[in-house]
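Colleague: sharing a sequence plus its predicted fold:
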Amino acid sequence: MKRSTTLAVRVTAVAAVVSLAASCGAGGRDEATETTEGSTVGISDTSVKIGAHFPLTGVAAPGYSEIPTGAKAYFDYVNAAGGVNGRQIEYVVRDDSYDPTTTTQVVNELVLQDEVFAVVGGLGTATHSAVIDFLNEEGVPDLFVSSGAIMWGNDPEKYPNTFGWQPDYQVEGKIIGDWVAKNRPDAKIGLFLQDDDLGRDSEEAVRQYLDDQIVEVVRYTSGNTDVAPQIAALQGAGADLILGFNVPSYTALSQLTSMRLNYTPEWFYSSIGSDVDLVGSLLGRFSQGAVTDGSQSLEGILSLEYIPGIDSKDNEWTKLWNKVWAENGTGEPLTNYRVYGLSQAYAFVTALQAAGDNPTREGIVDAIQSGGMDFEGPQLAPFRYSEDSHLGISGASIYQIKNGVPDYLTPVMQTDIGDSPVVEYEGEESTPPESGIPE
C-alpha cells in the first residue's frame, strides 16, 4: 500500500472513466452523447433539486445532523463554480428525528410535494427501510444511503434505484474478524450489538472468522439507555475483547457502564460508533460531568476508517474539505461527520456529471451502474457498483487511538459480502483535482 509523507494519507481509487471539460461550468462535457428520454422530474435548464432525510433533532441528532451541513457546503462550492452543466444544485433536507414514521412522511413530501430529482444520503437503517419500497416504486433515484445495511445494494433487481455508499456492515465485520483472528487469536470475544440489521449483518460476518472465540453475545434496543445488564453479561462471561457494532451514543454508554463496573476489556468498535470527539463529548454529558476528558477515556480503542478524517491533516482531500468548509460552512468546526457529508456530495456530483448534459432519473442510475466502480474520490477503496451490485465502498483501514489520534495498524483492506477473502487493496492513491470538482 503506497502512502505519502504521513501514515494518514491512504486515499485510493481507480482511474476515472468520465472526462469533463471546463467549458460548461463545473460539470461541462467534451461531447453530448446523452438522451432526454426518461423522467426529468426535478430537473430544469438551470437547476437540479435533490432531497434528503436526516435526524436534525432528537436522540440521533448529535453527529448525524452535521452530515447535511457538510454536503450543503460542497454543493454551494460547486454552485459558485457554475454548477453541473450550468445547473445549480438545490438541496432540500427534511428532519425525520430518526423515526421511521416521520421518515415516511417527509420522504413523501420530498417526492410528491418538492418533486425532487433524487434522494441522496438518506440516513438510517430502520428509517430508510421505511421508504425504500416507495422510492423504487416511484422511480426516484435513491442514492448513497447513509447506512451500512447490505439491503441497499445486494438486490438490484428488487431495488433498481437504490445504491449504498459506505462499506456495508458485512465488509466491516469481515475486516475486523480477519484482523482479530490473526492478531488476537487467544482473545475471549464478546459481541455488543444493536438489535437490528447492523447487529445481524455484523455478527454474521465476524462469525466467519471468530466463531470459536466468541464467549458471549449481547444486544441492546435503540432507545433503551440502560446497558448495564449487557455489559455485566460480557464481564461475567470473561470476555476480554469486545466488538461493538453500535451507534455513537451506545459507544459512550458502553464505556461509561464499563467504568462503573471496573471492567477493562479491549474494545473494537465499527466505524459508525467510533468518532472520538463526539463520543468524548457524550461521555461528559451522560456522566453529568464526572468524566472530564472523554477523549482520553477512549485511548486504545480500535476501529476502522474508509475516508480520510480530520486528523489526516496532510491528506489532500482533508485540505480540500477544510477549504470548502472555510468558504461555505456554518462557522462551526469541521468534523468527521461533515467530512462524511462533503465526501458523499462529491460522489453525487460525479454521478450527475456522468449522467450527461441532459440527465434523467434513469440516466443517473445507468451511469452509476455502468461506471460507478471507477468513480474517483476520497474513498479508500473502490465502490462495487455494477448491474449486479449496488454496494458501496469495498474496504477500510484499521487504526487504534493513541494520544487521542488514529495510529493506523493496516493498509486499506478490501473485501465483499459472502465468502470473498479479505485482501490488501493495491490500487493507487487518489488526489482531488485542482478545482476541487470532479473532472
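Modeller: That came through fine.

Colleague: for the stretch 1-150 of the chain, what spans make up the strands?
Modeller: 23-26, 47-54, 88-95, 118-120, 142-145 (DSSP state E, counting those that start in this stretch).

Colleague: swap that for the stretch 301-439 of the chain, please
Modeller: Using DSSP E, counting those that start in this stretch, strands in the stretch 301-439 of the chain cover 302-305, 395-402, 405-408, 413-414, 423-424.

Colleague: so can I have CSV of those strands showing mean pLDDT?
Modeller: Shown next, in CSV, are the strands of the stretch 301-439 of the chain (pLDDT from 0 to 100):
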stretch, mean pLDDT
strand 302-305, 97
strand 395-402, 96
strand 405-408, 93
strand 413-414, 98
strand 423-424, 98
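
Colleague: I'd like those as TSV, with mean neighbour count and distance to residue 56 appended.
Modeller: C-beta: built from backbone N, CA, C; applies to glycine. TSV is the format used below for the strands of the stretch 301-439 of the chain (neighbours: other C-beta atoms under 10 Å; distance: least, C-beta to C-beta, whole Å):
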stretch	mean neighbour count	distance to residue 56
strand 302-305	24	26
strand 395-402	21	28
strand 405-408	16	28
strand 413-414	24	34
strand 423-424	11	39
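
Colleague: what stretches of the chain score poorly on pLDDT?
Modeller: 1-36, 294-295 (pLDDT under 70).

Colleague: packing partners for the longest helix anywhere in the chain?
Modeller: For the chain, the helix with the greatest residue count under DSSP state H is helix 336-354. In terms of contacts (3 or more C-beta pairs under 8 Å, 6 or more residues apart in numbering; DSSP states H and E), helix 336-354 is packed against helix 67-80, strand 118-120, strand 142-145, helix 276-286, helix 316-328, helix 361-371.

Colleague: related to what we said a few turns ago, dump the strands of the stretch 1-150 of the chain to a markdown table, plus distance to residue 200.
Modeller: Shown next, in a markdown table, are the strands of the stretch 1-150 of the chain (distance: least, C-beta to C-beta, whole Å):
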| stretch | distance to residue 200 |
| --- | --- |
| strand 23-26 | 41 |
| strand 47-54 | 23 |
| strand 88-95 | 28 |
| strand 118-120 | 25 |
| strand 142-145 | 17 |
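
Colleague: mean neighbour count added to the helices and strands packed on helix 336-354, as TSV?
Modeller: TSV is the format used below for the helices and strands packed on helix 336-354 (neighbours: other C-beta atoms under 10 Å):
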stretch	mean neighbour count
helix 67-80	24
strand 118-120	28
strand 142-145	28
helix 276-286	21
helix 316-328	19
helix 361-371	21
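
Colleague: surely residue 110 is in contact with residue 91?
Modeller: No - Residue 110 lies out of contact with residue 91 (C-beta atoms under 8 Å); the separation is 11.2 Å.

Colleague: between the two, which contacts overlap?
Modeller: Listed contacts common to residue 110 and residue 91 are 51, 52; contacts here mean C-beta atoms under 8 Å, 6 or more residues apart in numbering.

Colleague: looking at those two, which is more packed in?
Modeller: The neighbour count for residue 110 versus residue 91, taken as other C-beta atoms under 10 Å, is higher for residue 110 (26 against 22).

Colleague: got JSON lines for the strands of the stretch 301-439 of the chain, with distance to residue 247 too?
Modeller: Converted to JSON lines, the strands of the stretch 301-439 of the chain look like this (distance: least, C-beta to C-beta, whole Å):
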{"stretch": "strand 302-305", "distance to residue 247": "13"}
{"stretch": "strand 395-402", "distance to residue 247": "18"}
{"stretch": "strand 405-408", "distance to residue 247": "20"}
{"stretch": "strand 413-414", "distance to residue 247": "23"}
{"stretch": "strand 423-424", "distance to residue 247": "29"}
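
Colleague: how about residue 217, secondary structure?
Modeller: Per DSSP: H, G, I helix; E, B strand; the rest coil, the local secondary structure of residue 217 is strand.

Colleague: ok, it touching residue 202?
Modeller: No - using C-beta under 8 Å, residue 217 is not in contact with residue 202, being 10.9 Å away.

Colleague: please enumerate the shared neighbours of these two.
Modeller: With C-beta under 8 Å, 6+ apart, residue 217 and residue 202 have common neighbours 191, 193.

Colleague: ok, these two, which is more surrounded?
Modeller: Shown here are residue 217 and residue 202; by other C-beta under 10 Å, residue 202 has more neighbours (27 against 19).

Colleague: distance from the strand or helix carrying the more buried one to the middle of the chain?
Modeller: Using DSSP states H and E, the element containing residue 202 is helix 197-210. Put simply, helix 197-210 sits 18 Å off its chain's centre (C-alpha atoms, centre = their mean, to the nearest Å).

Colleague: who's in contact with that helix?
Modeller: 125, 129, 148-151, 168-174, 176-178, 180-181, 189, 191, 193, 214, 217, 219, 243, 245-247, 270, 272, 419.

Colleague: can you say which of the residues you listed are buried?
Modeller: 125, 129, 148-151, 168-174, 176-178, 180-181, 189, 191, 193, 214, 217, 219, 243, 245-247, 270, 272 (16 or more other C-beta atoms under 10 Å).

Colleague: among these, which lie within strands?
Modeller: 189, 191, 193, 214, 217, 219, 243, 245 (DSSP state E).

Colleague: list the contacts for the fourth one?
Modeller: For residue 214, the contacting residues are 189, 190, 191, 206, 207, taking C-beta under 8 Å, 6+ apart as the criterion.

Colleague: report the two of those residues separated the most.
Modeller: Using C-beta to C-beta, the contacts of residue 214 reach their maximum pairwise distance at 190 and 207, which is 13.2 Å.

Colleague: hmm, what's the outermost residue in the chain?
Modeller: Distance to the chain centre peaks in the chain at residue 236, reaching 33.9 Å (criterion: C-alpha atoms, centre = their mean).
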